[in-house]
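>>> Fold the following, please.
(one chain, ligands or ions: 2)
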Amino acid sequence: MLPAAQSYVPGLGIATVYRNVKALVQDGWLESVALPGEPPRYEVAGKRHHHHFRCRTCDRVFEIDGCSTNLTQLTPRGFRLEGHEVVLYGLCTVCAKMA
Ligand SMILES: [Zn+2]
Ligand SMILES: [Zn+2]
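Ligands and ions are numbered 1, 2, ... in the order given. Below is the predicted model of the structure:
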């Protein structure tokens, strides 16, 4: 999981960063991760299906391997489920210890 790309390339124009990120997304190297109410983040594309956990205290986003939610159960009768977005919120281990 990468935080905002511009934090890794100080001094680089923001427009250049966005152009490069866009090109990487188009080429399939990066995938955008949309978290509600947050600017888009990017991670390396082609990973297995996974989800994210966002720490409300330090704002770090962690990858969670796999998926255990049975969302087919939630899908209304007659609808065809094609995908889902699940974001977990809470405290990471570091913040949970300090809380
Ligand atoms: Zn935290
Ligand atoms: Zn899933």
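
>>> The spatially most central residue of the chain - nearest residue in space that isn't next to it in sequence?
The residue lying closest to the centre of the chain (C-alpha atoms, centre = their mean) is residue 33, at 3.5 Å. Leaving aside its sequence neighbours, residue 33 sits nearest to residue 41 (C-beta to C-beta, 6 or more residues apart in numbering; 4.6 Å). C-beta here means a position set from N, CA and C on the backbone, and glycine is covered the same way.

>>> how far away is the one you found from residue 24?
Here the criterion is C-beta to C-beta, to the nearest Å. By it, residue 41 lies 13 Å from residue 24.

>>> Return the set of buried residues in the longest helix belonging to the chain.
For the chain, the longest helix by residue count, based on DSSP state H, is helix 14-26. Taking 16 or more other C-beta atoms under 10 Å as the neighbour-count basis, helix 14-26 is seen to contain the buried residues 17, 21, 24.

>>> cool, stretch 76-94 as well?
Along stretch 76-94, the positions that meet the burial threshold by neighbour count (16+ other C-beta under 10 Å) are residue 92.

>>> hey, C-alpha coordinates of that stretch in PDB?
Written as PDB, here are the backbone C-alpha positions of stretch 76-94 (Å, rounded to 0.1, in the frame of the first residue of the first chain):
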ATOM      1  CA  PRO A  76     -31.400  -9.100  -3.400                       C
ATOM      2  CA  ARG A  77     -33.100 -11.900  -5.200                       C
ATOM      3  CA  GLY A  78     -32.800 -11.600  -8.900                       C
ATOM      4  CA  PHE A  79     -29.700  -9.300  -8.700                       C
ATOM      5  CA  ARG A  80     -26.400 -10.500 -10.000                       C
ATOM      6  CA  LEU A  81     -23.400  -9.600  -7.700                       C
ATOM      7  CA  GLU A  82     -20.300  -8.600  -9.700                       C
ATOM      8  CA  GLY A  83     -18.000  -7.200  -7.000                       C
ATOM      9  CA  HIS A  84     -17.700  -5.400  -3.700                       C
ATOM     10  CA  GLU A  85     -15.700  -2.900  -1.800                       C
ATOM     11  CA  VAL A  86     -15.100  -3.500   1.900                       C
ATOM     12  CA  VAL A  87     -13.100  -1.200   4.100                       C
ATOM     13  CA  LEU A  88     -12.500  -2.000   7.700                       C
ATOM     14  CA  TYR A  89     -12.000   0.900  10.200                       C
ATOM     15  CA  GLY A  90     -10.600   0.900  13.700                       C
ATOM     16  CA  LEU A  91      -7.200   1.100  15.400                       C
ATOM     17  CA  CYS A  92      -4.000  -0.500  14.300                       C
ATOM     18  CA  THR A  93      -1.900  -2.500  16.800                       C
ATOM     19  CA  VAL A  94       0.300   0.500  17.700                       C
END
